[in-house]
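Enquirer: Whatever this is, show me its structure:
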Amino acid sequence: MTSLDRLAATVTDRKGADPATSWTAKLLAAGPEACARKFGEEAVEAVIEAVKGDRDRLTSEAADVLYHLLVMLAARDVTLDAVLAELDRRAGTSGIAEKAGRA
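Expert: Numbering: from 1, shown residues only. The predicted structure follows:
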């Protein structure tokens, strides 16, 4: 099991936890829209660190982005496995061709 798998399992486990004792449960209790906003904030912070060129800060922010992505997905009952299956489906397909196929 990878770190990302473990984190996704933890997020899922915390869905029913007490928001007073779990940050994940608190985020999820705020609703999908709040989870999406928090993900967006973390993504912007990662972009800022990427532009600055601070590898350590970017690493930290990237970890935050992955965590908040999993929370946002959980808020809409989308599993990491579903996202990975979509990536597998796209494997070997040109990004240009894949994007053109969405139209």
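
Enquirer: okay, and the helix or strand of this protein with the least pLDDT?
Expert: helix 95-101 (a mean of 76; mean pLDDT, DSSP states H and E).

Enquirer: what's that one in contact with?
Expert: Around helix 95-101, the neighbours that count as contacts under C-beta atoms under 8 Å, 6 or more residues apart in numbering are Arg90. Quick note: C-beta positions are derived from backbone N, CA and C, even for glycine.

Enquirer: If we use 10 Å, what do you get?
Expert: With contacts defined as C-beta atoms under 10 Å, 6 or more residues apart in numbering, helix 95-101 is touched by 89-90, 93-94.

Enquirer: pLDDT, neighbour count and distance to Thr59 for the residues you listed - can I get that in JSON lines?
Expert: JSON lines is the format used below for the contacts of helix 95-101 (pLDDT from 0 to 100; neighbours: other C-beta atoms under 10 Å; distance: C-beta to C-beta, whole Å):
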{"residue": "Arg89", "pLDDT": "93", "neighbour count": "10", "distance to Thr59": "29"}
{"residue": "Arg90", "pLDDT": "91", "neighbour count": "13", "distance to Thr59": "26"}
{"residue": "Thr93", "pLDDT": "79", "neighbour count": "11", "distance to Thr59": "29"}
{"residue": "Ser94", "pLDDT": "79", "neighbour count": "10", "distance to Thr59": "29"}
